[in-house]
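Student: Here is my input; please provide its structure:
(2 chains)
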Amino acid sequence: MSLVTFVQLIIQGLNMGLIYALAALGISLIWNATSLFNFSQGDLLTIGGYVMLTAFSYLALPYPVAFLITVVVMGVAGYMLSKGYFYPMFKQNFNPQIILIGTVALSIFVRNGILLTWGPDAQTYANPFGSKAVEILGVNIMPHYIWNVVIVAVLVVALQMFLRGTVIGIAMRAVAQKPVAASLMGVKVEQMVSMTFLLSTGLAAISGLLVAPIIPLIPEMGGLLAIKAFAAVLIGGLGSFAGALVGGVIIGIAEVLFATLVVSTYKDVFIFAVLILFLLIRPGGIFKADISEKV
Amino acid sequence: MLKIDKLVVSYGVAPVLREINMAVPQGKIVTLLGANGAGKSTTLKAVSGLLKPLSGDILFCKESISGVSPEKIVKMGVSHVPEGRQVFPGLTVEENLKMGAYINYKPKMVAEKMAMVFDLFPRLKERIKQLAGTMSGGEQQMLAIGRGLMNDPKLLMLDEPSLGLAPIIIDGIFDKIKEINSLGTTILLIEQNANLALSVSDYAYMLSVGKIAMEGDTGEIRDNKNLLEVYLGGDH
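Tutor: Numbering: from 1, shown residues only, chains lettered A, B, ... in the order given. Sure thing, here's the model as predicted:
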């Protein structure tokens, strides 16, 4: 394999990895705020793709407008999900397993809702960045690869600025670390948890709308994507910001390399083998999230 | 400033506080003594709104705050520095202090208050960018108290500020508590270490299994060595 092909594969993997990383970041944010997983995360990601499809393709809105609408709609949905389901359960000290099983039910519900609303056929929308590869130093790169990297980079920087530079961001981190102490400062814990769900669902929706031009939308697509995002979180380190990014990129690149160099049929099996290996050798993940770097 | 009237608080069916009466006059340091499990922390949690009383009343500046939400109580000017410090370990000293001013966040006021806290605890200024979780117990206690001062409280409630600290550090912290009081903040102090608490306070209550067993000026209480021993156990 030539160096050029190799670089192309890495770029392709990086691109997919960043999409996993966004979903993984959302999972880590929720883990820190509530010590819970949301197994419907993948299906929220799928809805994100479909909302984008509706806004961009059916309603023919300009890409940035459709993007913004999708993020806002899904962010609000996440906020409502927290207010209506997670926080009330959380506050009543329900057994975490019950809350988790509820999210599995929600996932099935959402999937079938999508089926009813948008139908079972694979759908996609035109790649807004064009499908003509540009050549940079002899390497052919699809324009959306570059754009996806830019979009994710901007998001990550903005998210860091929000979490570290604003009072609400600091309060969200404070609630994740010491909820009772935070409420003594006058922080409304419920509001911060709901804000976390808003961010997390918004991030999932963005990965959904970025992935749709690459993998066509079907109602159950989010399942496998979310499992890979969970794998990214576990490999990178549960609750770590950097871990979610690095874990996502590792999975994206490993997947593409394995599919091209070995056999594409078993690429998912390979990813889960890598995950099991990590769980055996380094169960805390690469960036064992000590409290100091919790997002 | 603070008046507790026939307060009853229970966890489930077990009453923890049984009709206690207390008063904290403006400008004073009042201590609540008692052995482990007597209900000291429960009293503070009821005042700061973390626990809802079953019956009785809590008046702050003549207004009832019984059962009111914590954020409203903080806003009225009550700061609760909880047991075991509870600083945010993954936030820097600066971010912790900012959280203390969360309820009424105005950048200019935050800067002023922070300067005041740094005057009181210069050590915190040296550590401004350090993560709170990486500091020593004494420094964390300074931070917890400083954080409690950031919202400019009328009443500062301190839950066992001596817990787990070396004697020399404790002396320093208690000097600062007196200093904070002399700057005009009323203080309600909880301590197991009776001698230490009585050395700084004006008035003391003794809580025993959910009831006020004894109260008086610190002098009186201190002279009553036998009773202190009965209620606190050990030698005081």
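Student: Indicate whether the strand or helix carrying B:Leu97 makes contact with chain A.
Tutor: Using DSSP states H and E, B:Leu97 sits in helix B:93-100. Yes - for helix B:93-100 and chain A, the contact criterion (Cβ under 8 Å from any Cβ of the partner chain) is met by B:95, B:98-100. In this view, the C-beta of every residue, glycine as well, is placed from N, C-alpha and C.
Student: C-terminal to that helix, which secondary structure element comes first?
Tutor: helix B:107-120.
Student: How about that following helix and chain A, any contact?
Tutor: No - figure legend: helix B:107-120 not in contact with chain A (Cβ under 8 Å from any Cβ); closest approach 9.1 Å.
Student: Quick check: buried residues in that helix?
Tutor: Across helix B:107-120, burial judged by 16 or more other Cβ atoms under 10 Å in any protein chain shown covers B:110, B:113-114, B:117-118, B:120.
Student: So which residue is dead centre in chain B?
Tutor: B:Leu158 (1.6 Å; Cα atoms, centre = their mean).
Student: Now do the SS call for that residue.
Tutor: strand (DSSP: H, G, I helix; E, B strand; the rest coil).
Student: same thing with the one 10 residues further on?
Tutor: Three-state assignment for B:Ile168 (three-state DSSP): helix.
Student: separation between it and B:Thr31?
Tutor: From B:Ile168 across to B:Thr31, the span is 21 Å (Cβ to Cβ, to the nearest Å).
Student: neighbour count winner among those two?
Tutor: Taking neighbours as other Cβ atoms under 10 Å in any protein chain shown, B:Ile168 and B:Thr31 compare with B:Thr31 leading, 26 against 8.
Student: strand partners of the helix or strand where the more buried one lies, parallel vs antiparallel please.
Tutor: For B:Thr31, the host element (DSSP H and E) is strand B:29-34. As defined by DSSP bridges, the strand partners of strand B:29-34 come to strand B:186-191 (parallel), strand B:203-208 (parallel).
Student: Can you show me the CA trace of the helix or strand that it is followed by as CSV?
Tutor: Using DSSP H and E, the helix or strand that follows strand B:29-34 towards the C-terminus is helix B:40-48. This file holds the C-alpha atoms of helix B:40-48, laid out as CSV (Å, rounded to 0.1, in the frame of the first residue of the first chain):
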residue,chain,number,x,y,z
LYS,B,40,-25.7,19.3,65.0
SER,B,41,-25.3,18.9,61.3
THR,B,42,-29.0,18.2,60.9
THR,B,43,-29.8,21.6,62.5
LEU,B,44,-27.6,23.4,60.0
LYS,B,45,-29.0,21.4,57.1
ALA,B,46,-32.5,22.5,58.2
VAL,B,47,-31.5,26.1,58.3
SER,B,48,-29.8,26.1,54.9
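Student: What is the end-to-end distance of stretch A:203-222?
Tutor: Start-to-end span of stretch A:203-222 (Cα to Cα, to the nearest Å) is 13 Å.
Student: cool, and stretch B:48-62?
Tutor: 16 Å.
Student: Next one: the residue nearest to the centre of chain B from A:Phe162, what distance?
Tutor: B:Leu158 is 33 Å from A:Phe162, by Cβ to Cβ.
Student: what's the closest residue to chain A within chain B in contact with, if anything?
Tutor: Proximity of chain B to chain A (Cβ to the nearest Cβ) peaks at B:Ile103, 3.4 Å away. Shown in contact with B:Ile103 (Cβ atoms under 8 Å, 6 or more residues apart in numbering or on different chains): A:185-186, B:71, B:74-75, B:151.
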